[in-house]
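sequence-free structure coming up:
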Ligand code: ATP
């Protein structure tokens, strides 16, 4: 018989478990040995062979192979050297190895992320409820689930209250299914109709329940289709997409230039095959082959850095979006504040407010008892250590109860709970019903302005004004206020629901609890402001409490407004779009309102980061440009919908991540600046020289060596370049800002021109001017000069791109050590190729005189001097 058909008792028996106490630690360990971890087998990874094939399919590689073929043909038919085709193939290999190696390290960084998203499951073992890693779940474990959880394994339901589960991942049905432990189900029923079962990977959207795990890992329904789920599909970021487009355009330009060079060469009487080689190599050289890999590695490195800053990126495009975030909408509780609530003041109706530390009278004790009954937090002892488990608001109540030497478990015995309507952020209320000596009491606790008090009773009206006054007094001190009210029944009403229980209550009193701001919040808000980012607080708390804290942290300043959810509701979309920029605090809002706030900001062109933790936050997290879920308090539902997870739930982490996002974007732009300046100059150099009838200044293999060695190797080190000092003082990057915005295109143009001029000067002097007694001018001398100048100057150029404004002499050549040493290596390789006879022969280079070398050195540092001068002018302009 299948699990859904069996009687619960027989399942407990089969799995040797106990409904109340669960498995013992030993049983669980043994079962884990037997059943294996509760996880899906990994998808098959791309093998080295696959990767190689991938690289070989690249257009530039294909062109290179064609070039190698032509060159081999020339070697055979025209008696040319075989060195050339060998070098080309060697470069294809080096390029592929570099590519694969870098791709691997990027993959590793991203793989590590997967292991960080550990899912926790609440399980009862040895009679103690405890969180464990969901991977350690075994059949027979008793699990407790509640709204927001992802179901950790297939389980048979034991008990439930209002349990709704969204099973679209399994059944395709997006409406949640209403679970029922009493449902009669047979094996022939489709998954969606098996109401007494819970399925791994599905999301609890409402209620709570207890269940016994029956299948884990690959044996679960989700496990059976895990092979079909391709969860880790590689997605390109918007910038990567744009760069891909740019790459295509550059290829067209390169091929067109190759064609032009080919035709002009023919016109000048060069041989067709020679010119074809030059044209092909130009076509290859003008494309920045290493750019896509450098971009990937820069993103991966950024993602790795963010982990160190407590942010786990779930979708790579979020790194870029973070870099351009202009608004951060943040929850208050736990994100801007510490979520460590402690009750400060109590007011039992008919008495005066008292400090929580004061000696309590019966009235206060009664209020505390009521608050503790309508409460789900509990004290658990695990390995001799006492811990309060539950929501911080409720935990604060239980802590005070403990301070007053009372226990919730004792109260539960005296007043057994017979019914509960759980707390929910929309209603902001929670109600429980308890049996008493002479009937039943229904206790409702929640937001003061949501507690439905019996308006007709004298009692309530008598205290209404005073209650409001005391509430405001508490709230102005930044205290979160919880109100309590109750209702007595002789007999239990027939229908137990909010309509019945949460009406006409008798008000009992208020408590005010403090939740201090996180120490980092104020500074983070200031940093965000400096970076042109507006911080907005969104909270379920009362407007007075929220505003007091917002003011303290610096979110609410002169000219900013605070509004309530009720006011927000009255605003039309157009009104909201118009005024959204002035509103800094939204109080008493429901998670559903967040989506309107996101959309209104987006309508103003903003890039919005939004935090969330609850089930109902998921739509807003998806709508935001960067959805950030809380790692500690966040539900699995929210994490699933988010682009990033804050492992410390901290607002400051978002601001840090924005910095990292900007650093990544900046380094990608620097890489583009570095690579394209050189690539474009190569096109200019070839076309101009051939137009002037000077012949090709650099030949195929020389161009390739420069691209792969002089540009490729140091280029990778740009991904690790530190953030510039003023990165977080600049305005956010515009949403539709092109790659070449902010003068990048102009800078590339200037640099390419400088490279072209110095290389052509070197080539001309070497080719036509006598500057030494020992080495006479010749085509080969000119080529050697052009090769070394182009190679060296483009390596030197990397020190230019390291900062937009700062002089490299201020930053220090050695401050990015890998970059410095890679540059030295590149300079060394170019030198070696030109002076070591065997290599020089292969690359068709000749030896030069001291005067030639002196000229090369002078010309090669000209780009540095030019950029230093431009930066100097820029700095003095900025100062002025
Ligand atoms: P934020 O949105 O800043 O994270 P929050 O999520 O804590 O705040 P809600 O959970 O919506 O906001 O709480 C709003 C109000 O509901 C509180 O001001 C409080 O009055 C009341 N409240 C919060 N928790 C409980 C609870 N467990 N039981 C009853 N009332 C509660």
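Sure thing, it's come through. Only a predicted model underlies this, so the values are computations on that prediction, with no experimental measurement involved.

list the contacts for residue 224?
The contact partners of residue 224, by Cβ atoms under 8 Å, 6 or more residues apart in numbering, come to residue 218. Where C-beta positions appear, they are placed from N, C-alpha and C, glycine not excepted.

Next one: it relative to the ligand, how far apart?
According to Cβ to the nearest ligand atom, to the nearest Å, residue 224 stands 37 Å off from the ligand.

most residues in a single helix of the protein, which one?
In the chain, with assignment by DSSP state H, the single longest helix is helix 651-691.

quick one: it to chain centroid distance?
Averaging C-alpha positions (Cα atoms, centre = their mean, to the nearest Å) puts helix 651-691 23 Å from its chain's average.

close to the ligand, is that helix?
No - on the criterion Cβ under 6 Å from any ligand atom, helix 651-691 is out of touch with the ligand, staying 11.0 Å away.

Looking from the ligand, tell me which residue of the protein is nearest.
Going by Cβ to the nearest ligand atom, the ligand is nearest to residue 540 of the chain, at 2.1 Å.

Need the residue closest to the centroid of this structure.
Closest residue to the average C-alpha location of the chain: residue 313 at 2.8 Å, with Cα atoms, centre = their mean.

circling back to that earlier point, three-state assignment of the residue of the chain closest to the ligand?
What DSSP: H, G, I helix; E, B strand; the rest coil gives for residue 540 is coil.

show me the contacts for it.
With contact set as Cβ under 8 Å, 6+ apart, residue 540 has these partners: 333, 425, 428, 447, 587-590.

Just the ones of these in strands?
Counted as lying in strands by DSSP state E, out of the contacts of residue 540, are residue 587.

now, the most widely separated pair of the contacts of residue 540?
Within the contacts of residue 540, 333 and 590 form the most distant pair, 14.4 Å apart (Cβ to Cβ).

Neighbour count for the two, which is higher?
Between residue 333 and residue 590, counted using other Cβ atoms under 10 Å, the more crowded position is residue 333 (21 against 17).

so what's the more buried one closest to, chain neighbours aside?
residue 339 (5.7 Å; Cβ to Cβ, 6 or more residues apart in numbering).

Likewise for residue 176?
Excluding the flanking residues, the one nearest residue 176 by Cβ to Cβ, 6+ apart is residue 164, at 3.9 Å.

what residues are up against residue 751?
Residues near residue 751 by Cβ under 8 Å, 6+ apart: 673, 677, 681, 797, 800, 863, 866-867.

same thing but 10 Å
By Cβ atoms under 10 Å, 6 or more residues apart in numbering, residue 751 lies in contact with 673-674, 676-678, 680-681, 793-794, 797, 800-801, 863, 866-867, 870.

Ramachandran angles for it?
phi -60, psi -40 (degrees, to the nearest 10).

How far off centre is the helix or strand residue 444 falls within?
Secondary structure from DSSP states H and E places residue 444 in strand 439-446. On the basis of Cα atoms, centre = their mean, strand 439-446 is displaced by 43 Å from the centre of the chain it belongs to.

Would you confirm that the residue nearest to the centre of the chain contacts residue 322?
Yes - using Cβ atoms under 10 Å, residue 313 is in contact with residue 322, at 8.6 Å.

Which positions in the helix or strand containing residue 346 come out as buried?
For residue 346, the host element (DSSP H and E) is strand 342-348. Across strand 342-348, burial judged by 16 or more other Cβ atoms under 10 Å covers 343-348.

and if you look at stretch 5-12?
In stretch 5-12, counting by 16+ other Cβ under 10 Å, buried: 6, 11-12.

what does stretch 797-812 give?
Within stretch 797-812, the residues that count as buried by 16+ other Cβ under 10 Å are 797-804, 808, 811.

Same list, the residues you listed, but as a markdown table with distance to the ligand please.
Formatted as a markdown table, these follow (distance: Cβ to the nearest ligand atom, whole Å):
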| residue | distance to the ligand |
| --- | --- |
| 797 | 50 |
| 798 | 46 |
| 799 | 48 |
| 800 | 47 |
| 801 | 43 |
| 802 | 42 |
| 803 | 40 |
| 804 | 38 |
| 808 | 47 |
| 811 | 42 |
